[in-house]
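Just to be clear, the model below is a prediction. Sequence and coordinates:
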Amino acid sequence: MAEAANGTGAVPGKRGKRSRRKNPDGTMTLIEHVYEFRRRLGFALLFIVIGGIFGWIWFEQHLGPIPSLGNIMNGPYCAIPPSQRFGGDMGGCRLLQTQPFEIFMVRLKVGVAAGAVVLSPFWLYQFWAFIAPGLYSKERKYALTFVGFASALFAAGAVLAYFLVPHALALLAGFGQDQFVTALTADKYISFILSLLVIFGVSFELPLIVVMLNLVGVVKYQQLKRWRRGILFALFVFAAFATPGSDPFSMLGLAAALTVLFEIAIQITRFHDRKLDKVRQDEGWDKLSDDEAAPFDYTPSTVEEDEPATAPRSHSTDDIT
């Protein structure tokens, strides 16, 4: 009887599950946005922690044909000629530890970084799931395209940096000849490698930003064509200051790669502007200036009223009896 009086059918004294209100248009209050962001951020941090545990284990374990993470990170250092490397004459290839917890922190740093990269699709999806409901379908398509190309360019930049590091270290270690021997500490060496990978990866995003600015109409192909020499000079200056080792291999490698990517970006903007000009010409907008309104017809259209439906005739028959 008490359940019927309540009208809910719930057992008294027990708290039922709170059903989550689902709006058909996806609108949420500010508090609901905060709760949703906290939930997505929690899942993202959970995936990063799982990736860190995976990277910690991978640091010393081989994953089938894939070498251990420690061997991958020590690869550029081991590429230095043995005569110029500390302990190389005895066949060793080990970094130095100058503090008690240095190796622990290095392993933790490398493990978290590698795990975050490996599980990046999972924790990045959490941020995408938080942002995507507020975007239109066209904006989602552009965002996914941008993220896809950005991820590929970042990976390409990191791979290029990894292959340039051995040449840079061999060049820098060769200046001492027989008077010096290279003995790198683990913390400084790993910090140097990680910073170089990140710098190359982020630098490879610059041409993509140029293309996106062209797509939204901020810069035009003709402007980039006029600024080409200045931009190329700025890329070489940026490469000289961005590379942490200040060696010519890293600087020239980064500058050359950015130059090629920038030229590709210019050609993409050229194709886009040419296609846009053709559309403007077909619509008759090619003679309009940027501050002139387009000749749209703003006259409201009339709504034709439907004819009223005729009432159906009754086919009743009179009773003649």
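Right, received. Where do you want to start?

Counting by contacts, list what the helix or strand hosting Ala161 packs against.
Taking DSSP states H and E as the definition, Ala161 sits inside helix 137-173. The elements that helix 137-173 packs onto, with contact taken as 3 or more Cβ pairs under 8 Å, 6 or more residues apart in numbering; DSSP states H and E, are helix 69-78, helix 120-131, helix 186-203, helix 206-215, helix 248-283. C-beta: built from backbone N, CA, C; applies to glycine.

and it with helix 69-78, angle?
50 degrees (axes from the mean of the first three to the mean of the last three Cα atoms, to 10 degrees).

got the buried residues for helix 137-173?
When burial is assessed from 16 or more other Cβ atoms under 10 Å, helix 137-173 yields the following buried residues: 146, 150, 153-154, 157-158, 160-162, 164-170, 172-173.

Now find how far off-centre it is within its chain.
For helix 137-173, the distance from its own C-alpha centre to the chain's C-alpha centre is 10 Å (Cα atoms, centre = their mean, to the nearest Å).

can you check stretch 214-224 too?
Computed by Cα atoms, centre = their mean, the chain-centroid distance of stretch 214-224 equals 22 Å.

Please state the mean pLDDT value computed over that stretch.
Stretch 214-224 carries an average pLDDT of 87.

Start and end of that stretch, how far apart?
For stretch 214-224, the first and last residues are 10 Å from each other (Cα to Cα, to the nearest Å).

and for it, what are the contacting residues?
Counting contacts by Cβ atoms under 8 Å, 6 or more residues apart in numbering, the residues outside stretch 214-224 that touch it are Tyr142, Val210, Leu213, Ile231, Ile266, Ile268, Thr269, Arg270, His272, Asp273, Arg274.

Now do the buried residues in it.
Neighbour-count burial for stretch 214-224 [16+ other Cβ under 10 Å]: Asn214, Leu215, Val219, Lys220, Tyr221, Leu224.

Need those in a markdown table (columns: distance to Phe43).
Supplementary listing: those in a markdown table, determined by distance: Cβ to Cβ, whole Å:
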| residue | distance to Phe43 |
| --- | --- |
| Asn214 | 35 |
| Leu215 | 32 |
| Val219 | 37 |
| Lys220 | 42 |
| Tyr221 | 42 |
| Leu224 | 41 |
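
now, the most widely separated pair of those residues?
Pairwise distances across the buried residues of stretch 214-224 (Cβ to Cβ) peak at 13.1 Å, for the pair Leu215 and Leu224.

sorry, back to before: for Ala113, which of the helices and strands packed on helix 137-173 is the nearest?
helix 186-203 (6.2 Å).

Quick one: distance of that closest one to the chain centre.
Shown here is helix 186-203, whose average C-alpha point lies 18 Å from the average C-alpha point of the whole chain (Cα atoms, centre = their mean).

Then stretch 165-179?
Relative to the centre of its chain, stretch 165-179 is centred 34 Å away, using Cα atoms, centre = their mean.

what about it, start to end distance?
Looking at stretch 165-179, the gap from its leading to its trailing residue is 23 Å under the measure Cα to Cα.

buried ones in stretch 242-253?
Neighbour-count burial for stretch 242-253 flags Ala242, Thr243, Gly245, Asp247, Phe249, Ser250, Met251, Gly253 (criterion: 16+ other Cβ under 10 Å).

For it, give me every contacting residue.
160-161, 164-165, 167-169, 171-172, 192, 195-196, 199, 203, 236, 239-240, 254.

try 6 Å
Counting by Cβ atoms under 6 Å, 6 or more residues apart in numbering, the neighbours of stretch 242-253 from elsewhere in the structure are Leu164, His167, Ala168, Leu171, Leu172, Phe192, Ser195, Leu196, Ile199, Ala239, Ala240.

now the angle from the one helix or strand the last one maps to to helix 186-203?
Using DSSP H and E, Ala240 sits within helix 228-242. Here helix 228-242 runs at an angle of 160 degrees relative to helix 186-203 (the same axes, to 10 degrees).

chain center to helix 228-242, what's the gap?
23 Å.

For it, which residues meet the burial criterion?
Counting neighbours by 16+ other Cβ under 10 Å, one finds that the buried residues in helix 228-242 are Ile231, Leu235, Phe238, Ala239, Ala242.

Now render the residues you listed as a markdown table, adding pLDDT and distance to Leu63.
Formatted as a markdown table, the entries for these read as follows, by pLDDT from 0 to 100; distance: Cβ to Cβ, whole Å:
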| residue | pLDDT | distance to Leu63 |
| --- | --- | --- |
| Ile231 | 91 | 42 |
| Leu235 | 91 | 37 |
| Phe238 | 91 | 36 |
| Ala239 | 89 | 34 |
| Ala242 | 84 | 32 |
